[in-house]
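Enquirer: here is the input, now give the coordinates:
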Amino acid sequence: MKELYRVMIVESKRQMAHIYKNMIPWEEYGFEVSLMADSETSALAYYGEYKNELIITDIDLNSGNGISLIKKLKSIDPSCIVVVIANQEDYDSVREAFLAGAYDYLLKSRIRYSALANLLGKVKGCLTSQEANEESDDWRMAIEEILGLIRDGQKVDYQLLNSMLIRPELSVLNGCYRMIYFRQDNIKNFNRSMKRYDKPNWMISDEFLDMFRSKLSLRDEIQLQVQEIIRELINDIPQAEIQFTKKHSGLILLPILPKDCYVELSNAIIHAINKRLTYEYSITISSEQEGINSFLDTYLNVMKYHEHKFYDGDSCIELMDDNKAFHEMPKNMFPYEGIIVQGVSEQNFKKVELGYLNAMNFMQENMIAPQDVKAYFVNILQHTELMIKKKGMEAEYPFDILRDGIMESESIMYLKLELEKMFKTLIDWSKEHHVSKYHPKVTVMLDYIDQHIDEKISLDRVVAAVNLSTTHASRMFKADVGQSIIEYINQRKMKYAKELMHDESKKIKDIAIAVGIKDQLYFNKVFKKYYHMSPREYRKKL
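Expert: Now for the predicted structure:
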């Protein structure tokens, strides 16, 4: 608390100002008259520089007036205390002064020692209360900062935290209590909407600054509204207290109550926030705890347990008494990974979708730890990125954005949506940028086969086109195409032969020669293998 509160007297007649100054020993009441002004302009100038705690102003000034002064002072500092001096007949002016934000008024004809003493007593009480509130707000902000750092995995002074917890507002920590952790759902996705502006060239733009200010303002507004909602709901519970850990998350400390009461309160909080703000919040309720020394571990554990909302979805309530546990990723998850990467390689979204949905169903059924789930799909993304680069990527793709999308998904539902969007855009992009389905050398082999489809094509001739060993080329071809080089050659020739069958002028033996097979019996055998009928039977069905 300040030793002396500063007073500015605004009076058009300097003599009267001195009379007020000398009328009472201001210091004995905790005040000092530090400034005197005779006009609205000078009073505003002085206040802007010195920020007096109490302003006593006459209605009539040398320039401007007391009513206008009050309005302008309140626009500068809504918490400033202004007392107006008025004549007996100035009822309307006094009314205007109160409407403008005046704290009190004094009648010129009745200004005496006692009147001033009573006024200063009331003002001092008001200022003391303001200071207490400011101190409380400062304390809460300091706690919020420390808890936010802990939440983000940063190192903090835990002894400092414990010392700050010794507050009358947190008396519940002296006994047995439960902690309720609340957090806005999918806040990471909310924050990610700003990332495209987080670049050096954007930092100086008006658009970025406007959006940044708007975002900060929105966070503050949401926090205040959430705080108001929760305080209304816990108002009748003795020792109940709320403390934010971040703008979007916080703690409610409650004495021991029947377990159902915590669940009912949590439901009421979730529904009230959603109804009034249309935001979704999830809640985790700790087990019973005792004493300040348990606070930190409880806070860390309740945040960790909150991760169970990954499977339970938005607006859920997690009760630590249930003792749910996550499991590690098993080692037999490779088949899904292979299907997904192959699907992207083939630009086949249906195959990709089948792979990741089956993988996610397995993870959900077995409660795999969320960090393991995300790491699994990040690994698939890395393999996909490597595969695309090997196949001749013509343009850079923002894989880092895709990784962020996976890591910032806070529920399996959002992760599914993120993966669906990710793979669809990735496949569309690969088609748009002409990213081949196959390794460049495999593409060369395929082109060679197409260009020589009317010839006898040997394995050696195909391999010679890419300057690789037969083993290496065959392995690479089968990995990309899904069949051996010889199998593909035969299939491709039979497909071409089937197309030629539609030309009735061509004899079957001529078609065989046209696809590079001179032995008609061998041609008939291969054709029947792929189409389960002879060439002659196929032609009859046309």
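Enquirer: now stretch 173-190: buried residues?
Expert: 173, 177-187, 189-190 (16 or more other C-beta atoms under 10 Å). The C-beta positions use only the backbone N, C-alpha and C, and glycine is treated the same way.
Enquirer: point out where the stretch 351-500 of the chain drops to low pLDDT.
Expert: 388-397, 432-437 (pLDDT under 70).
Enquirer: now do the helices in it.
Expert: Assigned by DSSP state H, counting those that start in this stretch, the stretch 351-500 of the chain shows helices spanning 370-390, 399-407, 412-432, 440-451, 459-464, 470-481, 485-500.
Enquirer: measure stretch 274-284 end to end?
Expert: For stretch 274-284, the first-to-last residue distance is 17 Å (C-alpha to C-alpha, to the nearest Å).
Enquirer: any chance you could list what contacts it?
Expert: Residues from elsewhere that reach stretch 274-284 (C-beta atoms under 8 Å, 6 or more residues apart in numbering): 180-186, 222, 225-226, 229, 266, 269-270, 273, 302-303, 305-306, 308-309, 312, 314-320.
Enquirer: let me know how buried the residue nearest to A473 when sequence neighbours are not counted is, in neighbour terms.
Expert: Take A473 and drop its neighbours on the chain: the residue closest to it by C-beta to C-beta, 6 or more residues apart in numbering is V463, 4.5 Å away. Neighbour count of V463, defined by other C-beta atoms under 10 Å: 20.
Enquirer: does V463 touch R475 like I think?
Expert: No - contact criterion C-beta atoms under 8 Å: V463 and R475 do not qualify, at 11.3 Å.
Enquirer: got the contact list for K108?
Expert: I85, A86, N87, Q88.
Enquirer: secondary structure class for the last one?
Expert: Spelled out, that is Q88. coil (DSSP: H, G, I helix; E, B strand; the rest coil).
Enquirer: show the pLDDT at Y50.
Expert: At Y50, the pLDDT value in this model is 80.
Enquirer: which residue ranges form the strands in the protein?
Expert: For the chain, the strands defined by DSSP state E cover 5-10, 31-37, 54-58, 81-86, 104-107, 176-184, 241-246, 249-255, 281-285, 289-290, 317-319.
Enquirer: what mean pLDDT does the first one get?
Expert: When you say that, I think you mean strand 5-10. On average, strand 5-10 scores 93.
Enquirer: strand 31-37 and that one, what's the angle between them?
Expert: Counting by axes from the mean of the first three to the mean of the last three C-alpha atoms, to 10 degrees, strand 5-10 lies at 30 degrees to strand 31-37.
Enquirer: got it, and the third one?
Expert: Angle of strand 54-58 versus strand 31-37, following the same axes, to 10 degrees, is 50 degrees.
Enquirer: among the contacts of stretch 274-284, which ones are in helices?
Expert: 222, 225-226, 229, 266, 269-270, 273, 302-303, 305, 309, 312 (DSSP state H).
Enquirer: V352 touches I427, doesn't it?
Expert: Yes - counting by C-beta under 8 Å, I427 is a contact partner of V352 at 7.4 Å.
Enquirer: neighbour count: the two, which is higher?
Expert: Of the pair V352 and I427, V352 is the one with more neighbours under other C-beta under 10 Å, namely 27 against 19.
Enquirer: ok, now which ones touch that one?
Expert: Neighbouring residues of V352 by C-beta under 8 Å, 6+ apart: I339, I340, G343, V344, F423, I427.
Enquirer: before we move on, back to that, any common contacting residues for V352 and I427?
Expert: With C-beta under 8 Å, 6+ apart, V352 and I427 have common neighbours V344.
Enquirer: list buried residues within the ones in helices among the contacts of stretch 274-284.
Expert: Applying 16+ other C-beta under 10 Å to those flags I222, V226, I229, S266, I269, I270, I273, V302, M303, Y305, K309 as buried.
Enquirer: ok, the second one touching I273?
Expert: Put plainly, it is V226. Yes - using C-beta under 8 Å, V226 is in contact with I273, at 6.1 Å.
Enquirer: burial of I406, as a residue count?
Expert: With other C-beta under 10 Å as criterion, I406 counts 19.
Enquirer: ok, now which ones touch it?
Expert: Here I406 is in contact with K374, F377, V378, L381, L415, E418, L419, M422 (criterion: C-beta under 8 Å, 6+ apart).
Enquirer: would you format the residues you listed as CSV with neighbour count included?
Expert: Formatted as CSV, these follow (neighbours: other C-beta atoms under 10 Å):
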residue, neighbour count
K374, 17
F377, 25
V378, 15
L381, 22
L415, 24
E418, 19
L419, 24
M422, 22
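Enquirer: turn those residues into a markdown table, including distance to D157.
Expert: Shown next, in a markdown table, are those (distance: C-beta to C-beta, whole Å):
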| residue | distance to D157 |
| --- | --- |
| K374 | 31 |
| F377 | 37 |
| V378 | 34 |
| L381 | 39 |
| L415 | 36 |
| E418 | 38 |
| L419 | 41 |
| M422 | 41 |
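Enquirer: between the residues you listed, which is nearest E487?
Expert: L381 (31.5 Å; C-beta to C-beta).
Enquirer: for that closest one, which non-adjacent residue is spatially closest?
Expert: Per C-beta to C-beta, 6+ apart, closest to L381 is L402, 5.8 Å.
Enquirer: what about V341, distance to F423?
Expert: 11 Å (C-beta to C-beta, to the nearest Å).
Enquirer: against L35, how distant is G48?
Expert: 12 Å.
Enquirer: list the buried ones in stretch 10-17?
Expert: Buried-residue list, stretch 10-17, by 16+ other C-beta under 10 Å: V10, E11, S12, A17.
Enquirer: wait, isn't the third one in contact with I59?
Expert: Read it as S12. No - the criterion here is C-beta under 8 Å, and S12 misses it with I59 at 9.7 Å.
Enquirer: coming back round to it: what's the PyMOL syntax to select whichever of the contacts of K108 are buried?
Expert: Buried residues among the contacts of K108 (16+ other C-beta under 10 Å), as a PyMOL selection:
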select buried, resi 85+86
